[in-house]
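Engineer: coords below, sequence missing:
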């Protein structure tokens, strides 16, 4: 029996890597890439479960799933961090360096 490759295993792996790499871009691209990776994983995993002996690159698929989950978690943490910074410092201080320094001094108690 000739083994085939799962159709989306490489895409899931690439999306998992992208979700980790882009988690610091305000978190949103990492969340999107991770979710797409998990959706593709679910489709290919269903194919693999139906006939495990027919496919050869399940390890890539599983690695991509793990990377997608890690990327989603890091992206959610980045979103929470950015919301925290905007809440504490203020959105107006993000574009004005002098106001930012003043707010930081206030937070430090100086």
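Structural biologist: Yes, it's here. Please read all numbers here as calculations on a predicted model, not as lab measurements.

Engineer: look through the chain and tell me its longest helix.
Structural biologist: For the chain, the longest helix by residue count, based on DSSP state H, is helix 58-89.

Engineer: around residue 82, how many other residues sit close by?
Structural biologist: Residue 82 has 15 neighbours, counted by other Cβ atoms under 10 Å. Where C-beta positions appear, they are placed from N, C-alpha and C, glycine not excepted.

Engineer: is the residue nearest to it when sequence neighbours are not counted in a helix, a strand, or coil?
Structural biologist: Among residues not flanking residue 82 along the chain, residue 26 sits closest, at 6.0 Å (Cβ to Cβ, 6 or more residues apart in numbering). With DSSP: H, G, I helix; E, B strand; the rest coil as the basis, residue 26 sits in coil.

Engineer: pull the number of nearby residues for residue 95.
Structural biologist: 8.

Engineer: how near is it to residue 51?
Structural biologist: 56 Å (Cβ to Cβ, to the nearest Å).

Engineer: go on, residue 90?
Structural biologist: With Cβ to Cβ as the criterion, residue 90 and residue 51 are 57 Å apart.

Engineer: who has more neighbours, those two?
Structural biologist: Counted by other Cβ under 10 Å, residue 90 and residue 51 do not tie: residue 90 has more neighbours, with 13 against 10.
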